[in-house]
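K.L.:
Starting from these lines, generate the structure:
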Amino acid sequence: MNERVSAVSLGLVEGRLLLDLDYEEDSQAAVDANFVITGKGDLVEVQASAEAGPFDPALVPEMLSLALVGAARVARLQEEALAPWLPLPW
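P.N.:
Take a look at the predicted model:
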């Protein structure tokens, strides 16, 4: 393993960006996005779709900022879960 990666999804629901949408939220999202991010914060994949018409490009930096926070949390949880079996750092 060369680099840790984590993935998060988020969406714009009723004018608010939400991380890790549940089914109800996802079904109402005006924008749906997925981010795959390395442990160093580099992007592997970014995918965003307008579900209810075009969206303002100014939303993209906000989505990235929220995705980075979520991915960092997922990365910490991954480390906690895998540390007993994999030598760190990775």
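K.L.:
for this structure, which helix is longest?
P.N.:
Of all segments of type helix in the chain, defined using DSSP state H, the longest is helix 59-82.
K.L.:
If we go by neighbour counts, what in that helix is buried?
P.N.:
Within helix 59-82, the residues that count as buried by 16 or more other CB atoms under 10 Å are 63-64, 66-67, 70-71, 74-75, 78. No exception for glycine: its C-beta is placed from N, CA and C like everyone else's.
K.L.:
Same question for stretch 20-38.
P.N.:
Along stretch 20-38, these residues count as buried under the neighbour rule (16+ other CB under 10 Å): 21, 29-33, 35-37.
K.L.:
Which strands and helices lie in contact with the longest helix of the chain?
P.N.:
Judged by 3 or more CB pairs under 8 Å, 6 or more residues apart in numbering; DSSP states H and E, helix 59-82 is in contact with strand 5-13, strand 16-19, strand 31-38, strand 43-50.
K.L.:
how many neighbours does residue 52 have?
P.N.:
When neighbours are defined as other CB atoms under 10 Å, residue 52 has 10 of them.
K.L.:
measure residue 14 to residue 52 for me?
P.N.:
To residue 52, residue 14 is 11 Å away according to CB to CB, to the nearest Å.
K.L.:
In this structure, where is pLDDT below threshold?
P.N.:
1, 88-90 (pLDDT under 70).
K.L.:
please redo it, this time with the cut-off set to 80
P.N.:
Applying pLDDT under 80 to the chain picks out residues 1-2, 86-90.
K.L.:
Pick the one among the buried residues of helix 59-82 closest to residue 48.
P.N.:
Ranked by distance to residue 48 (CB to CB), those are led by residue 63 at 6.7 Å.
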